[in-house]
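S.K.: Sequence plus the predicted model coming up.
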Amino acid sequence: MNIKIIKKFVPISVIGASNTDKKNLSTAFKVGQLIASNKGVVICGGLGGIMESVCKGAKSKNGLTVGILPGNDPNDSNDWVDIKIPTGIGYARNVLVVNASKVSIAISGAFGTLSEIGHALAENKKVIGLNTWNLDQKHIDYNNIDIIHQDTPEKAVKLAFKYALEQ
């Protein structure tokens, strides 16, 4: 039997909307595939929408997925989560999702995603955006704090690995 030993996994948080359109779900699926193909680990909130699509994409390439769940029941996760971490802390788990990696990819998103973006940026972590929130820099007193918008999953994942490996 051949056993492949991977010395280093690169955790990448993927955040995004629970309810979104087919284009964003397709984007998330591709992001998951690319992360897995490059020996990355998908970290997410473990539920539906973007979270489910990114996990499904990663699993299609035999990747590893981690879901940091808001509730106490590990069975609440989507079917493509390998490691289920029930927290029982609701939206407060958003801090854990972004702190589990050095970089986050935001796809689409509502207010939960916005809170994750805020937590990541407050911790000086890079956030790469695909069709997600824009920040109004006039109201931010920090230099170089912003979402780094990309127009393709390939560019977003390449940049995510670059930033993750610089740490």
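M.R.: Okay, I see it.

S.K.: drop to CA atoms for contacts and neighbour counts, all remaining ones
M.R.: Will do.

S.K.: which SS class is residue 112?
M.R.: Under DSSP: H, G, I helix; E, B strand; the rest coil, the three-state class of residue 112 is helix.

S.K.: if I look at it, how far off is residue 45?
M.R.: For residue 112, the distance to residue 45 (Cα to Cα, to the nearest Å) stands at 10 Å.

S.K.: do residue 106 as well
M.R.: Separation of residue 106 from residue 45 (Cα to Cα) stands at 12 Å.

S.K.: Any chance you could list residues touching both of residue 112 and residue 45?
M.R.: Listed as contacting both residue 112 and residue 45 by Cα atoms under 8 Å, 6 or more residues apart in numbering are residue 94.

S.K.: So which of these two has more stuff around it?
M.R.: Set side by side, residue 112 and residue 45 show more neighbours around residue 45, with 30 against 16, by other Cα atoms under 10 Å.

S.K.: The more buried one contacts residue 74, correct?
M.R.: No: the criterion here is Cα atoms under 8 Å, and residue 45 misses it with residue 74 at 11.7 Å.

S.K.: In the host helix or strand of residue 157, which residues are buried?
M.R.: For residue 157, the element it lies in under DSSP states H and E is helix 153-166. Neighbour counts over helix 153-166 (16 or more other Cα atoms under 10 Å) mark 153, 156-157, 159-161, 163-164 as buried.
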